[in-house]
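*Asks:* Quick one, fold the following:
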Amino acid sequence: MAPSIDASTVVASSAAKASFLSTPEPEMITPTIAPVTKDPKRANAWKKKALEDLTDEDILAMPESEYMNDVQTAYFRAKLVQLKNDILANAGETTEHLREDTVVVPDPADRATIEEEHALELRTRDRERKLLKKIEQSISRIDSGEYGYCDETGEPIGVGRLLARPTASLSLEAQQRRELKQKMFGD
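*Replies:* Numbering: from 1, shown residues only. Okay, here's the model as predicted:
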């Protein structure tokens, strides 16, 4: 004898299937990039300020005709050197932190937590080690006069992109093309 099925169960089941099958695929939303607005009051402010007093906004407000002039290259060099020094200071703190936490903990759960924290910290330092190489390359590009220009196209990378990622060596379009190729064909 077959089990009896309630009519409400059949209706609910078919309604669930219908709603599942009729759900449209989510649309891909492309991010809109807001245009960078330059403050005309700051356009010449960089001429009156010392290098140490310049801000990202001052560099961003500079006219395009001044792209990668001596002031901008000096500003980015200082930014890269500061980033390098911060990473090296963090590396020293990590060494000290790992030495302090070598206490034997009898509880396996506590020991696992400490080991996981160490693994996370070491992964972070490994990423910073790779970033240090990029920082060194960027500083040498400043020295050779190639900083701020795309490796592939030779076009300006743009001040906004360099402020966000001082180690960028590709323009936004070239970077997108490279990422698309990697996604399609693998590494």
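
*Asks:* Helix or strand next in line after the helix or strand containing residue 90, which one?
*Replies:* Using DSSP states H and E, residue 90 falls within helix 70-100. Going down the chain from helix 70-100, the next helix or strand is helix 108-144, by DSSP H and E.

*Asks:* Buried ones in that next one, by neighbour count?
*Replies:* Within helix 108-144, the residues that count as buried by 16 or more other CB atoms under 10 Å are 121, 125, 128, 132, 134-135, 138-139, 141-142. (Glycine included, C-beta is placed from N, CA and C.)

*Asks:* got the angle between that helix and helix 70-100?
*Replies:* 160 degrees (axes from the mean of the first three to the mean of the last three CA atoms, to 10 degrees).

*Asks:* so what secondary structure elements neighbour the following helix or strand past helix 108-144?
*Replies:* Past helix 108-144, further along toward the C-terminus, the next helix or strand under DSSP H and E is helix 159-164. If contacts are counted by 3 or more CB pairs under 8 Å, 6 or more residues apart in numbering; DSSP states H and E, helix 159-164 sits against helix 56-61.

*Asks:* So what's the gap between the helix it packs on and the chain middle?
*Replies:* In terms of CA atoms, centre = their mean, to the nearest Å, the centre of helix 56-61 is found 20 Å from the chain centre.

*Asks:* Tell me how many other residues surround residue 62.
*Replies:* 22 (other CB atoms under 10 Å).

*Asks:* What are the phi and psi values at it?
*Replies:* phi -60, psi 150 (degrees, to the nearest 10).

*Asks:* Report all helices and strands that the helix holding residue 90 contacts.
*Replies:* helix 108-144.

*Asks:* Give the other helices and strands that the helix it packs on contacts.
*Replies:* Counting by 3+ CB pairs under 8 Å, 6+ apart, helix 108-144 packs on helix 70-100.

*Asks:* If you count neighbours, what's buried in the helix it packs on?
*Replies:* 71-73, 75-77, 79-80, 83-84, 87, 94.
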